[in-house]
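**Student:** the following block contains a protein sequence and its predicted model.
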Amino acid sequence: MSAALSQAEAEAADTLTRLALSEDLGETGDRTSIATIPEATTARAAFVARAVGVVAGLPIAERVCRAVSPALTFSPAVPDGTPTSRGMVLATVAGPLRAILASERTALNFLQHLSGVASLTRKFVDAASGFRAKILDTRKTLPGWRLLEKYAVRAGGGTNHRIGLYDGILIKDNHLAGLGGDVRRAVESARDCPGNSELQVEVEVDTLEQLEVAFAAKVDIVLLDNMSLDQLRAAVARRDVVAPGVLLEASGGVNLTTVRDIASTGVDRISVGALTHSAPALDIALDYLA
């Protein structure tokens with residue numbers, strides 16, 4: 001199950017809600033509902049799952065409904081992180097029908113996308129179960145959606161990697177290329193830079209030779225990029241001997257077919273860009289009740 005929205009996530013939700021409603025309602029509002037639904041008409045409707053998955057985004061859907069009209073009452077039936085079944089009621093909304101219809105598509109857009117992220121994450125978590133590896137997200141997110149997509153990853157049982165470039169040090173191949181491949185120099189420079197003392201230092205390597213240099217440089221985490229299963233097993237065995245406190249993260253070539261074999265090598269973390277950049281929407285509908 002996911003935790004409640006943090007303050008930063010709530011602020012991100014409000015920002016996206018304002019943008020989404022502005023582009024959907026424009027200056028005039030829902031012309032169809034205004035023209036066809038008497039202003040005093042009230043109703044109830046239910047957000048219903050049409051597919052098996054994991055729900056995420058109910059607090060955001062509530063914020064959408066309340067942003068359209070404070071007269072709307074949103075009642076979640078389950079918490080985020082709940083496995084869904086076909087026909088499961090996730091929440092209900094009641095109040096002015098015009099407002100329900102005006103909020104419908106925007107609320108569903110949030111729910112379907114974030115539930116899709118949570119659902120795909122749960123598939124990866126389940127596929128790697130029984131091993132110690134945690135499933136991590138990446139920065140491969142939709143612009144503006146990062147905090148909410150990472151919230152959805154947690155709802156699906158995954159773990160968040162760094163949020164952005166500002167809250168973690170990850171020395172990647174292009175950083176190393178700019179330093180002539182000098183892993184030790186990159187790590188030392190990262191640690192010596194003012195303001196970095198509280199941050200973990202992670203470095204990306206693609207050979208076992210680079211891994212040895214990373215261990216000698218006393219990094220906190222090593223990202224093992226596109227290594228074979230044999231290389232991953234060798235990296236774990238070597239780590240256990242010379243640097244038992246260093247975390248090993250596998251990345252590259254990770255999908256639902258390969259993730260269990262990767263987890264079986266003994267790595268601590270597996271980062272998966274697909275959690276956020278390729279998650280299909282979960283089918284959720286809004287059904288009129290009365």
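**Tutor:** Perfect, I can see it now.
**Student:** which residues of the stretch 151-290 of the chain fall in helices?
**Tutor:** 173-178, 183-192, 208-216, 229-242, 259-263, 274-277 (DSSP state H, counting those that start in this stretch).
**Student:** go through those and pick out the most buried.
**Tutor:** helix 274-277 (a mean of 22; mean count of other C-beta atoms under 10 Å). Where you see a C-beta, it was placed from the backbone N, CA and C, and this is true even at glycine.
**Student:** same question for that helix, mean pLDDT?
**Tutor:** Averaging pLDDT along helix 274-277 yields 98.
**Student:** what's that helix in contact with?
**Tutor:** 117, 120-121, 124, 135, 137-138, 140-142, 149-150, 153, 156, 158, 254-255 (C-beta atoms under 8 Å, 6 or more residues apart in numbering).
**Student:** centroid-wise, who is the farthest residue in this protein?
**Tutor:** residue 38 (40.5 Å; C-alpha atoms, centre = their mean).
**Student:** and the pLDDT at it?
**Tutor:** 97.
**Student:** any idea how far it is from residue 124?
**Tutor:** 48 Å (C-beta to C-beta, to the nearest Å).
**Student:** again, but for residue 240
**Tutor:** 25 Å.
**Student:** which residue comes closest to residue 58 once chain neighbours are left out?
**Tutor:** Spatial nearest neighbour of residue 58, chain neighbours left out: residue 76 (4.8 Å); criterion: C-beta to C-beta, 6 or more residues apart in numbering.
**Student:** okay, now the one you found: neighbour count?
**Tutor:** Neighbours of residue 76 under the rule other C-beta atoms under 10 Å: 17.
**Student:** what sits against it?
**Tutor:** 58, 62, 90-91.
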